[in-house]
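**Q** The following block contains a protein sequence and its predicted model.
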Amino acid sequence: MTETLDIKITKTNHSRLHETDFSNLQFGRTFSDHMFVADYEDGEWKNFQIVPYGEIGFSPAISALHYGQAFFEGLKAYKHADGQVSIFRPDKNAARFNKSAARLCMPQLPEEIFIQSIASVVDMDRDWIPSKPHHSMYIRPFMFATDPYLGVHASKTYKYIVLIGPVGPYFAKVLRVKVETHFTRAAEGGMGYAKSAGNYGGAMLPALKATEEGFDQLIWTDAKDHKYVEEMGAANVMFVLDGTLITPSTRDTILDGVTRDTVLTLAREWGMPVEERRVSIAEIIDGAKTGKLTDAFGAGTAATIAPVGSLSYNGEECFLTDPKEREFSQKVLKTLDSIRYGAVADTHGWNYIV
Ligand SMILES: *Cc1c(COP(=O)(O)O)cnc(C)c1O
């Protein structure tokens, strides 16, 4: 970091910390006392502030609401046994933030602003980070267009905000997964690789339908032929087939996940064969039937490693092995936890210490 941001700090005069029920945290519902806010005007980022978490005002004509110039990031801070706090690989999220911004004609945010804004609000509300096992602080940076103008144009003004909130363990229930062959999340030339708000709105109806059919999640297939695996819900998807770790290669329909990259890096270090390529539904279903498919899971910041229990394709459900017996995903989950909570040396330099 070359320069430190000049942040104007307004502290809350009523902390909600002691009124918060940390034994019953629901993802995304609890926010800490403060948030970081900045404005983009006249071609530059300004008005860096930490203020009490709360409502903000804007015109009902802002283009984010009408035309979807809005996107976000998601990362986590962890409290170590010695009280240290680390954020996992924020440089990766900073880079992806700017990829999303570019796709939506929105301004770049320098990496040092991204990281300092997050670190400063996490530092200010560090007492909010639970020290219980498997708990952490979810960090939600996002940007949206604020021009009060109904013309379909890229806005000239934007707001950047960082919200943070404590989260409990994600109970990795064994997921019944539907292979979706009608709806699509993203198409070639679209914005699947960006964490743009619209991608998630569009995924809600297919997800709802899958839930109504009794499934917990869906696997998206390619928009053209519905033959290739893309992602699982809002996570990347990985398989162990015949001893090889296989995952769809990144392309413009796939979000380049930090968890995905981390798992691939660890697997390669462990000497496991790794393939990033197009993955057909046919080979996965065949592997499930012949027993060659020994692991299948979603990988993402929120869920970490989410085991697939069964795969349903064209109305036929194939059950996979018991997740507790899966060597690879168990090992990767354990290793990830040890690194993030500082239980082992961070040899990759993945932990940004606050
Ligand atoms: C956020 C996200 C992921 C996971 O990315 P991480 O950086 O690992 O959290 C994967 N797919 C989609 C569609 C996502 O939105």
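**A** Cool, the structure landed.
**Q** in the stretch 1-150 of the chain, what residue is nearest the ligand?
**A** residue 74 (5.5 Å; CB to the nearest ligand atom). For every residue, glycine as well, the C-beta is placed using N, CA and C.
**Q** So what's the residue count around that residue?
**A** With neighbours defined by other CB atoms under 10 Å, the count for residue 74 comes to 17.
**Q** Pull the contacting residues for it.
**A** The neighbours of residue 74, taking CB atoms under 8 Å, 6 or more residues apart in numbering as the test, are 93, 138-140, 195, 301-302.
**Q** 7 Å instead?
**A** Contact analysis of residue 74 by CB atoms under 7 Å, 6 or more residues apart in numbering lists 138, 140, 301-302.
**Q** for residue 244, same thing?
**A** Each residue near residue 244 by CB under 7 Å, 6+ apart is listed here: 273, 275.
**Q** The residue in the stretch 101-250 of the chain that the ligand sits nearest to: neighbouring residues, count only.
**A** With CB to the nearest ligand atom as the measure, the residue in the stretch 101-250 of the chain that lies nearest the ligand is residue 234; the distance is 4.1 Å. By the criterion of other CB under 10 Å, residue 234 has 21 neighbours.
**Q** Assess the claim that residue 319 and residue 311 are in contact.
**A** No - using CB atoms under 7 Å as the test, residue 319 is too far from residue 311 to be in contact (8.4 Å).
**Q** higher neighbour count, the two?
**A** Just comparing residue 319 and residue 311: by other CB under 10 Å the higher neighbour count belongs to residue 311, 23 against 11.
**Q** and that one, what are its bridge partners?
**A** Residue 311 has these beta-bridge partners by DSSP bridges: residue 177, residue 318.
**Q** Make sure it is actually in contact with residue 180.
**A** No - taking contacts as CB under 7 Å, residue 311 lies outside contact range of residue 180: 11.5 Å.
**Q** related to what we said a few turns ago, tell me which residues touch the residue of the stretch 101-250 of the chain closest to the ligand, please.
**A** For residue 234, the contacting residues are 200, 300, taking CB under 7 Å, 6+ apart as the criterion.
**Q** and the gap between the residue of the chain most remote from its centre and residue 318?
**A** Going by CA atoms, centre = their mean, the residue of the chain most distant from its centre is residue 290, 32.7 Å out. Computed with CB to CB, to the nearest Å, the distance linking residue 290 and residue 318 is 10 Å.
**Q** Please report the number of neighbouring residues for residue 197.
**A** The local packing count at residue 197 equals 18, with neighbours defined by other CB under 10 Å.
**Q** what do you get for residue 151?
**A** When neighbours are counted by other CB under 10 Å, residue 151 registers 9.
**Q** now it, what's its secondary structure?
**A** Look at residue 151: counting by DSSP: H, G, I helix; E, B strand; the rest coil, its state is coil.
**Q** For it, give me its contacts.
**A** For residue 151, the contact set (CB under 7 Å, 6+ apart) is empty.
**Q** In a helix, residue 239, correct?
**A** No - under three-state DSSP, residue 239 falls outside any helix and is assigned strand.
**Q** Help me confirm that it comes into contact with residue 293.
**A** Yes - shown here, residue 239 and residue 293 form a contact pair, counting by CB under 7 Å, at 6.1 Å.
**Q** between the two, which one's more packed in?
**A** Residue environment comparison for residue 239 versus residue 293 gives the larger neighbour count to residue 239, 26 against 23, counting by other CB under 10 Å.
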